[in-house]
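A.B. asks: no sequence on hand, only this structure:
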DNA sequence: TAAACTAATTATAAAGATTATAATATAAGA
DNA sequence: TCTTATATTATAATCTTTATAATTAGTTTA
């Protein structure tokens, strides 16, 4: 099944006239199989073994390409670096204020919000993003840590 | 009215045992009066005239303090630096993909999403954030610019 | 299959945003 | 006013991301 998702993604790449290089394939494959919304650096470190000479710039370049095609969504956070999410099914994220854990959360997509926004502002809406913040069950047991 | 908001904010600061320095006061005042969701650097430049010796670290320190108390919300973006929003009435943001313009958008707060998230994940939810992306009316007239 | 063309990768370096550090200055309470 | 803890300043360091130029390697075409 993730085999299928990967093949589909590669098909999309080819259709966009983008070359399939081993590094690009590996970044995409890692993202498709990842459940953790990795940062660029995490991807870089994860592929270090397979591609000892790979440059960080390659990771960023490929993430940009994948984002432009729409295969990957970038999720910037306040504390540090962006995280990247393979944009398959529409979903939202719940983020722990204490430990930073990210949990996927399914909720009926808020089409209504988008259409209302379109009417009120005249924008041509492309998508929306929602995140819910709180303390996960683990962190509720421990006294609040100072950020 | 924004006078009141400022006084209330300062009251909150005092209650939290935080010192009211001229710089801190100025950062807070600028944020209360600002409609543009400024970046740290914009605040720094705006206050340069009044405080020629102010360090950029002071701006960041104060933004952190204000955020920890809950007076200010940080809105990290993918392209560059975070923006800061005086967290008064609950609202959402519509962001132009082309020019970056941010427009406030009022919508009934999505309490239902929060309570459902709480039930499903066991998180103790504190707040949520939603942004809507698209092209503003101005940018719709111009051919799509390559990011 | 080989040559050619174009895009991708690498190895830097640079830029930009944010944080850390140590010394000095200052707000606020006694 | 004095004292003390906190805030500010000036600077450097860190971290993330992007830019550049040279090299390498996909893909197309003959």
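C.D. replies: Received it, and whenever you're ready, just let me know what you need. Treat the numbers as computed from the prediction; the structure is a model and nothing was measured.
A.B. asks: report the buried residues of stretch A:101-115.
C.D. replies: Applying a neighbour-count criterion of 16 or more other CB atoms under 10 Å in any protein chain shown, one finds A:101-103, A:105, A:107, A:110, A:113-114 buried in stretch A:101-115. C-beta coordinates here come from the backbone N, C-alpha and C atoms, glycine included.
A.B. asks: which of these fall within strands?
C.D. replies: Residues of the buried residues of stretch A:101-115 located in strands (DSSP state E): A:102-103, A:105.
A.B. asks: which of those residues are close to chain B?
C.D. replies: Subset of those in contact with chain B: A:103, A:105, counting by CB under 8 Å from any CB of the partner chain.
A.B. asks: spell out which parts of chain A neighbour DNA strand C.
C.D. replies: Contacts of chain A with DNA strand C, taken as CB under 7 Å from any atom of the strand, map to A:18-19, A:21, A:23-24, A:51, A:53-58, A:61-62, A:65, A:79.
A.B. asks: which of those sit farthest apart?
C.D. replies: Taking CB to CB, the two most distant members of these are A:19 and A:79; they sit 34.5 Å apart.
A.B. asks: before we move on, the earlier item: and of the ones in strands among the buried residues of stretch A:101-115, the nearest to DNA strand D?
C.D. replies: residue A:102 (15.3 Å; CB to the nearest atom of the strand).
A.B. asks: how far away is that closest one from chain B?
C.D. replies: Here residue A:102 is placed at a distance of 11 Å from chain B (CB to the nearest CB, to the nearest Å).
A.B. asks: what sits against that residue?
C.D. replies: Residues near residue A:102 by CB atoms under 8 Å, 6 or more residues apart in numbering or on different chains: A:36-37, A:83, A:93-96.
A.B. asks: wait, residue A:97 touches residue A:132, no?
C.D. replies: No: taking CB atoms under 8 Å as the definition, residue A:97 is not a contact partner of residue A:132, at 10.7 Å.
A.B. asks: what's the neighbour count on residue A:18?
C.D. replies: Neighbour count for residue A:18, taken as other CB atoms under 10 Å in any protein chain shown: 17.
A.B. asks: in a helix, residue A:32, correct?
C.D. replies: Yes: assessed by DSSP: H, G, I helix; E, B strand; the rest coil, residue A:32 belongs to a helix.
A.B. asks: how about residue A:48, nearest residue that isn't a chain neighbour?
C.D. replies: residue A:54 (7.2 Å; CB to CB, 6 or more residues apart in numbering or on different chains).
A.B. asks: the one you found sits in which helix or strand?
C.D. replies: Assigned by DSSP states H and E, residue A:54 belongs to no helix or strand.
A.B. asks: for it, give me phi and psi.
C.D. replies: phi -70, psi 140 (degrees, to the nearest 10).
A.B. asks: that older thread, top of the contacts of residue A:102 by neighbour count?
C.D. replies: Neighbour tally across the contacts of residue A:102 (other CB under 10 Å): the maximum, 24 neighbours, falls on residue A:94.
A.B. asks: residue A:121 reaches residue B:106, doesn't it?
C.D. replies: No: counting by CB under 8 Å, residue B:106 is not a contact partner of residue A:121; they are 11.0 Å apart.
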